[in-house]
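> Need coordinates for the below:
(one chain, ligands or ions: 1)
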Amino acid sequence: MRSKLILGNWKMHFTVKQAVSFAGKLAAKPIPEGVTVGVIPHALALSEIATLLQKTGLKLGAQNAYFQDEGAFTGEISMPMLRGIAKYVLVGHSERRHIFHESNELIRHKVAAAVRSGIIPVLCIGETLVERQHYHTKQVLTDQLVSGIADLTSEEVAKIVVAYEPDWAISDGKSFAKHDVATPEDAQKSSDIIRSNISELYGQEVAKKVKVLYGGSANPDNAAAFLKCDGIDGLLPGGASLNMATFWPMVEIAATTVPTKINVKK
Ligand code: PGA
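Numbering: from 1, shown residues only. You can find the predicted model right below:
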């Protein structure tokens, strides 16, 4: 069975003290076999949590970084600065694309910069509600994906993570239990789009190796349905990752859910 990856995107939540304390509690939990678990706190908490997590199984990710290695870029942190601290970095999150106007071109540079620094980019792609209503999902996912990985070699593509996160399914951090959410068929279809594009450009072996996550109001009630999709390798919860009672059950579900092939209408 393919290993599963559960990454909690904490977004702009928690003080440093709260983030460190929660990371400590998560790190004390035994991580089930076959599952990789990581947390993605804000930048201020990264280095203290990195120290705390040494010699534990819990992984650490960053929410954002710039593509230049250093220089006059006020307010930014670089990928080399994350080296030795974060294993993953989110790139192209829908909030970065829409609130901070990040373009596909900027995202491509960030993906390449992460790989150059030995950090695994979690390339987030997803359509808006309007794009979905106009049946543009496939085109949008293809554009965001193909552009995002254009500067990578096939060996590099094989090691990245792609997260399908439809913009309209992302919660405000509190509403994840009752928010609109994609169906498992949506997730499977998107995973098929991701892998068929990668297969066409970089070969079938590479497409098989890429990890594809689902994110957007993922929670313990819907986790099994997503993890059952044979194209989905894990979850990127936001709101539900902010407390133990909603985060850890998803880790346990990931350890026990066996994927089955689901047929989706093209
Ligand atoms: P959500 O956030 O689970 O709160 O919808 C997911 C994400 O944006 O990564």
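> and the closest residue to Leu106 other than its chain neighbours, what pLDDT?
Closest residue to Leu106 apart from its sequence neighbours, by Cβ to Cβ, 6 or more residues apart in numbering: Phe67 at 7.2 Å. Where you see a C-beta, it was placed from the backbone N, CA and C, and this is true even at glycine. On the pLDDT scale, Phe67 is placed at 98.
> In this structure Phe67 contacts Ala112, no?
Yes - contact criterion Cβ atoms under 8 Å: Phe67 and Ala112 qualify, at 7.1 Å.
> who touches whatever residue of the stretch 101-250 of the chain ends up closest to the ligand in this structure?
The nearest approach of the stretch 101-250 of the chain to the ligand comes at Gly238, 2.3 Å away (Cβ to the nearest ligand atom). With contacts defined as Cβ atoms under 8 Å, 6 or more residues apart in numbering, Gly238 is in contact with Gly8, Asn9, Trp10, Lys11, Ile170, Ser171, Gly173, Phe176, Gly215.
> Which other helices and strands does the longest helix along the chain contact?
Of all the elements of type helix in the chain, the one with the most residues (DSSP state H) is helix 184-202. Secondary-structure packing of helix 184-202 (3 or more Cβ pairs under 8 Å, 6 or more residues apart in numbering; DSSP states H and E): helix 137-148, helix 154-158, strand 161-164, helix 204-209, strand 211-214, helix 223-227.
> so that helix versus helix 137-148, what angle?
Interaxial angle, helix 184-202 versus helix 137-148 (axes from the mean of the first three to the mean of the last three Cα atoms, to 10 degrees): 40 degrees.
> What are the contacting residues of helix 184-202?
Under Cβ under 8 Å, 6+ apart, the answer for helix 184-202 is 125, 137-138, 141-142, 145-146, 149, 154, 157-158, 162, 164, 166, 182, 206-208, 210, 212, 214, 225-226, 228-232, 262, 264-266.
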